[in-house]
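Chemist: One predicted model, sequence on top.
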There are 2 protein chains.
Amino acid sequence: MSFQQLGLIGCGLMGGSFALAVKRAGLVQKVLGFSPSPGSVQKALDMGVIDQAAKSAAQAVQGSDLVLLALPVAATQATMALIRPALDSTTLVMDVGSSKTDVVAAAQVGLQDRMGQFVPAHPIAGKEVSGVQFADAQLYAQQQVILTPIEATTALFLQRAQDLWLGLGCQVKLMSPQDHDAAFAAVSHLPHLLAFAFMNSLSAQVKGPDFLALAGPGFRDFTRIAASDPHMWRDILIANAQEVRAQSKYFQQQLQALELALNQALSTGESEGLMKLIEQASSQRAGWTMGSTAS
Amino acid sequence: MSFQQLGLIGCGLMGGSFALAVKRAGLVQKVLGFSPSPGSVQKALDMGVIDQAAKSAAQAVQGSDLVLLALPVAATQATMALIRPALDSTTLVMDVGSSKTDVVAAAQVGLQDRMGQFVPAHPIAGKEVSGVQFADAQLYAQQQVILTPIEATTALFLQRAQDLWLGLGCQVKLMSPQDHDAAFAAVSHLPHLLAFAFMNSLSAQVKGPDFLALAGPGFRDFTRIAASDPHMWRDILIANAQEVRAQSKYFQQQLQALELALNQALSTGESEGLMKLIEQASSQRAGWTMGSTAS
């Protein structure tokens, strides 16, 4: 399983890392890249992330037997509509978006009769920085990749997509777009929303800068995701708003339960309830390891 | 500035790391250790964290010119009352608790006329694991240490405490116990409460285990502090409940603001408000570095 040419649309952290990884793994001979940002294209060329620059998304698709959309998810539909006329019927198309039901809906409008060639993908990897200058051939290695095929997805293209990600050293899981979005609202999108809110709660206080100067390693790790790319996260939160709001409600119920238990400990001296809630959280987290397989 | 003997009361991660660090730095000749847990004492002896085991907290103090209390903060008052009769008037006493107004209040009752020898200390370092087996001579190196002297604190002892932590490679800051607790409610205690609530919100859902199996590096870092020691964190949250609740209110206001902006983006298509809130959080976090100095 290898490809002649990758048409990379979007030369950022995710797309750039993919291009470096497939070239290093010998899975792609040549990378033709397009980005709406001329600066990113130049950097991608300079870094050897892409071999040649395309003048448009449609041009990046010409002669490519593999196409990766690595753009903010809100740009999916328009970009797909632009590339559809230039798409060969044997070309595998994928994305790397963090939300999937919206991407599938956008693809249905944008790709129309070419929908069978599209395999929606979400590699569970990233950094809190963005831009091709942070591209890393190892970003996806040993990480999970979720593919969310729909009824229209052709088995042949799905198989090619699986083989490609396996070839990069990834664990591949198949899920419906709906199940994907429910799960990632819980373990990724809500944590980002909470980290944003937490950072803003410090900014809103006069003493915020003094507080921040005292913060240590716990704060550093808890808030790392708050530095993520604002455009990308605005799009994800909007795309998956319903699930995110549902998860936020679950969270707020548990925060309230902890605060009630804290109040009870203060008013009655009885801290067993608070202890149990903290123990549950602590043992759940201590028992978790990344990439463990769901039952 | 060096000491003959450290009396270590509490042989866990924090106390054990301190003992290893002061010995390695040549600041202490001998460590006499006590823990209410016989298993911890044996492990501390086996690891060379302590040189000799004491049978009681009071015994650990005898002949010690430096005493460190590294116990859950709730044990402070009783332990200080036990050691006070055995304390030499030249012995520096410190703690390593994450909350300070409660420790100072406990010390006033427990140490009484020996209060001048006590320098409340909070090294901003830790791990999500607990126990002497994780003790690390480098835990405090390059980290900040907050000392919170009160009016009763003798200048001589404060100077000794400063010199000692500087000798371990720490940055030392002086604050009032009240300012300390307000700041750490904001940058440490609330994040722990939020991480506990978030983990519990996953446990409360039938699909929680499936969700957890999909979680990636962002989740890993965001929730690391949720695995912290439950006893220690129950005590801290109770000790600093008022400030923590105030910070939780600020946080909930900001979460609500983000959700309102998200709703507005969905209902009107106008996502500028949401974008601004995320940009503010992102730039604030991207501009933060650990150990930066407050204005």
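Modeler: Alright, I've got the coordinates.
Chemist: Where does pLDDT dip in chain A?
Modeler: Chain A contains residues with pLDDT under 70 at A:1, A:292-295.
Chemist: Let me see the contact set for the residue nearest to residue A:170 when sequence neighbours are not counted.
Modeler: Nearest non-adjacent residue to residue A:170, counting by CB to CB, 6 or more residues apart in numbering or on different chains: residue A:145, 4.4 Å away. All C-beta spots, glycine's among them, are computed from the backbone N, C-alpha and C. By CB atoms under 8 Å, 6 or more residues apart in numbering or on different chains, the residues touching residue A:145 are A:121-124, A:165, A:170-173.
Chemist: Which residue does the stretch 1-150 of chain A have closest to chain B?
Modeler: Proximity of the stretch 1-150 of chain A to chain B (CB to the nearest CB) peaks at residue A:124, 3.8 Å away.
Chemist: how close does that residue sit to residue B:218?
Modeler: Taking CB to CB, to the nearest Å as the measure, residue A:124 falls 9 Å from residue B:218.
Chemist: rewinding a little: is the residue nearest to residue A:170 in a bridge, and if so with what?
Modeler: Bridge pairing for residue A:145 (DSSP bridges) gives the partners residue A:123, residue A:172.
Chemist: Which parts of chain A are helices?
Modeler: For chain A, applying DSSP state H gives helices covering A:13-24, A:38-46, A:57-61, A:76-83, A:101-111, A:155-167, A:177-184, A:190-203, A:208-213, A:217-223, A:230-239, A:241-268, A:272-286.
Chemist: my guess is the residue of the stretch 1-150 of chain A closest to chain B meets residue A:146, correct?
Modeler: Yes: with contact defined as CB atoms under 8 Å, residue A:124 reaches residue A:146; the gap is 6.9 Å.
Chemist: hmm, back to that, among the contacts of residue A:145, find me the one that's closest to residue B:9.
Modeler: residue A:124 (44.7 Å; CB to CB).
Chemist: That closest one: what's it in contact with?
Modeler: A:143-146, B:214-217 are the contacts of residue A:124 under CB under 8 Å, 6+ apart.
Chemist: Only the buried subset of the contacts of residue A:145, as a PyMOL command please.
Modeler: Burial among these is assessed by 16 or more other CB atoms under 10 Å in any protein chain shown; the matching PyMOL selection reads:
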select buried, chain A and resi 121+122+123+124+165+170+172+173
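Chemist: Out of the contacts of residue A:145, which is nearest to residue B:275?
Modeler: Using CB to CB, those come closest to residue B:275 at residue A:122, 22.6 Å.
Chemist: State the number of residues packed around the nearest residue to the closest one once chain neighbours are set aside.
Modeler: Nearest residue to residue A:122 in three dimensions, chain neighbours excluded: residue A:146, at 4.6 Å (CB to CB, 6+ apart). Residues lying near residue A:146 (other CB atoms under 10 Å in any protein chain shown) number 23.
Chemist: Wait, residue A:146 touches residue A:103, no?
Modeler: No: contact status for residue A:146 versus residue A:103: not in contact, 11.9 Å apart, counting by CB under 8 Å.
Chemist: Where do the domain boundaries of chain A fall?
Modeler: A:3-175, A:179-286 (automatic domain parsing).
Chemist: thinking again about what came up before, ok, the residue nearest to residue A:122 - contacts?
Modeler: Each residue near residue A:146 by CB under 8 Å, 6+ apart is listed here: A:100, A:121-124, A:173-175, A:180, B:214.
Chemist: now, which of the residues you listed sits nearest residue A:200?
Modeler: Of these, the one sitting nearest to residue A:200 (CB to CB) turns out to be residue A:124, at 26.1 Å.
Chemist: Can you give the contact residues for stretch A:252-264?
Modeler: The contact list for stretch A:252-264 (CB under 8 Å, 6+ apart) reads A:270-271, A:273-274, A:276-278, B:193-194, B:196-198, B:200-201, B:204, B:237-238, B:241, B:244-245, B:248, B:252, B:255.
Chemist: Can you flag the buried ones in these?
Modeler: A:271, A:273-274, A:277-278, B:193-194, B:196-198, B:200-201, B:237-238, B:241, B:244-245, B:248, B:252, B:255.
Chemist: Redo the helices of chain A as a markdown table? Include distance to residue B:225.
Modeler: Shown next, in a markdown table, are the helices of chain A (distance: least, CB to CB, whole Å):
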| stretch | distance to residue B:225 |
| --- | --- |
| helix A:13-24 | 26 |
| helix A:38-46 | 35 |
| helix A:57-61 | 42 |
| helix A:76-83 | 35 |
| helix A:101-111 | 32 |
| helix A:155-167 | 32 |
| helix A:177-184 | 22 |
| helix A:190-203 | 12 |
| helix A:208-213 | 17 |
| helix A:217-223 | 5 |
| helix A:230-239 | 22 |
| helix A:241-268 | 14 |
| helix A:272-286 | 9 |
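Chemist: Tell me which of those helices approaches residue B:70 most closely.
Modeler: Among the helices of chain A, helix A:217-223 sits nearest to residue B:70 (CB to CB), with 18.0 Å.
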